[in-house]
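Chemist: Sequence below, structure please.
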Amino acid sequence: MVDADQTFVIVGGGLAGAKAAETLRTEGFTGRVILVCDERDHPYERPPLSKGYLLGKEERDSVFVHEPAWYAQHDIELHLGQTVVAIDRAAKTVHYGDDGTHVRYDKLLLATGAEPRRLDVPGTGLAGVHHLRRLAHAERLKGVLATLGRDNGHLRAAPREYGAEVTVVEPGPTPLHGVLGPELGALFAELHEAHGVRFRFGVRLTEIVGQDGVVLAARTDDGEEHPAHDVLAAIGAAPRTALAQAAGLEIADRAAGGGIVVDDHLRTSDPDVYAAGDVASFHHALFDTNLRVEHWANALNGGPAAARAMLGKGLAHDRVPYFFTDQYDLGMEYSGWAPAGSYDQVVIRGDAAKREFVAFWVKEGRVLAGMNVNVWDVTEPIQQLIRSKSPVDTDALADPHVPLESLVA
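Modeler: Purely as a prediction, here's the structure:
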């Protein structure tokens, strides 16, 4: 039973944590809500860091989930620039800050997110080596790009729009190969190449060469040296599980994507501790596997789902994974989960050459995932096809004249 004397603590100042705090209040919780953030900025969304804000199309204030005054107005105790150092599950306390501050909780939500994977090559300490995960990273990178002399400028696209020469070192055979496979990954390679991006596929970075602390070039394992002023390490992110692991919570193995193991109500192995967002590894009944989803929509929906579960109002968290991207004049939305080896066919509806189409990853006639490129208002029927788990006529699936809604069983 939830009552006004209870204290709910949220660790993590990203979108999942902020939306969880909001949902607790909108669902009528009148107890104490404490939100602890290790950054000094108010909770913000991350997509603008590589899109609108980095491009100069959005102001800095646009990235924040709520106006700064919102937290006090809704009686949310916000602790900025404070790092949680330990969780004592027996005493049900969270310890944070440099002065040993601790607070007791009735329910605890871990929304600690993920952190950039680091390059493990010589030269990573040079001043021109960048990561992009936090607002401070985006501000620094934006400043570098602005020196190129343009005011308007997604990681490969933005530097080109600013006027920079861009070389991408990619060990795989295409961009986004792990998500899109060779069939659609090649399309994104062609898109970026048409805008002047150079790709080096099938090679790995071995060293960043510099002098007097300044980047001069990047070397790859094929013996090539690529002149460079700056290097952006965009090699994925790792879930921030150290706090949960130290507290003895169950952690998924790396082969399963890592993350804090939760059930379909986002409860961890401790029934009073929940996890949401990038850090949560949950069993998805639709795909019959554990998933850890790093996309914006998962944080947007996972934070509120966890909050409702903490209040005893939760439903199973089984949303179809979804993400989007905008690159140059291409807009794309992807729904579903279709890793390499899980599908036997890719069905194209529309004109891929004109970059106006919908692609479907299909297994024995069942749609596992769908991606719409410059075609809009089709996410709902795509997700309905995925949820139906029923075989469809692939010829009809490929025919733009056949409404997608008519194919849903």
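
Chemist: Can you tell me the element the nearest residue to Arg319 once chain neighbours are set aside falls in?
Modeler: Leaving out its chain neighbours, the residue that sits closest to Arg319 by Cβ to Cβ, 6 or more residues apart in numbering is Asn301, at 5.4 Å. Backbone N, C-alpha and C define where each C-beta goes, glycine included. Take DSSP states H and E as the rule and Asn301 turns out to sit in helix 296-310.

Chemist: hang on, isn't the residue nearest to Arg319 packed against Val320?
Modeler: No: using Cβ atoms under 8 Å, Asn301 is not in contact with Val320; the gap is 10.4 Å.

Chemist: Tell me how many other residues crowd Ala309.
Modeler: Ala309 sits with 24 neighbouring residues when counted by other Cβ atoms under 10 Å.

Chemist: mind starting the numbering at 25 from now?
Modeler: Taking 25 as the first residue, the last one we looked at is Ala333.

Chemist: In contact with the closest residue to it other than its chain neighbours, which residues are there?
Modeler: Excluding its sequence neighbours, the residue lying closest to Ala333 (Cβ to Cβ, 6+ apart) is His289, at 4.4 Å. Residues counted as contacts of His289 (Cβ atoms under 8 Å, 6 or more residues apart in numbering) are Ala329, Ala333, Gly338, Leu339, Ala340, His341.

Chemist: can you put those in a markdown table and add pLDDT?
Modeler: Converted to a markdown table, the contacts of His289 look like this (pLDDT from 0 to 100):
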| residue | pLDDT |
| --- | --- |
| Ala329 | 96 |
| Ala333 | 96 |
| Gly338 | 75 |
| Leu339 | 81 |
| Ala340 | 83 |
| His341 | 87 |
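
Chemist: got those as CSV, with distance to Arg142 columns?
Modeler: Listed next are the contacts of His289 as CSV, based on distance: Cβ to Cβ, whole Å:
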residue, distance to Arg142
Ala329, 31
Ala333, 34
Gly338, 36
Leu339, 38
Ala340, 36
His341, 31
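
Chemist: Most neighbours among those, which one?
Modeler: The residue in those with the most neighbours, by other Cβ under 10 Å, is Ala329 (28 neighbours).

Chemist: For Gln106, see how far away that one is.
Modeler: 25 Å (Cβ to Cβ, to the nearest Å).

Chemist: buried stuff in the biggest helix by length in the chain?
Modeler: Looking across the chain with DSSP state H, the single longest helix is helix 201-218. For helix 201-218, burial by neighbour count (16 or more other Cβ atoms under 10 Å) applies to His201, Val203, Leu204, Gly205, Leu208, Gly209, Ala210, Leu211, Phe212, Ala213, Leu215, His216.

Chemist: and what of stretch 293-306?
Modeler: When neighbours are counted by 16+ other Cβ under 10 Å, the buried residues of stretch 293-306 are found to be Ser293, Asp294, Val297, Tyr298, Ala299, Ala300, Gly301, Asp302, Val303, Ala304, Ser305, Phe306.

Chemist: swap in stretch 133-149?
Modeler: Leu133, Leu134, Ala135, Thr136, Gly137, Ala138, Pro140, Leu143, Val145, Gly147.

Chemist: ok, of these, which one's closest to Gly282?
Modeler: Ala138 (9.1 Å; Cβ to Cβ).

Chemist: Identify the bridge partners of the closest one.
Modeler: Pro263 (DSSP bridges).

Chemist: Could you check how far it is from Ala280?
Modeler: With distances taken as Cβ to Cβ, Ala138 is found 15 Å from Ala280.
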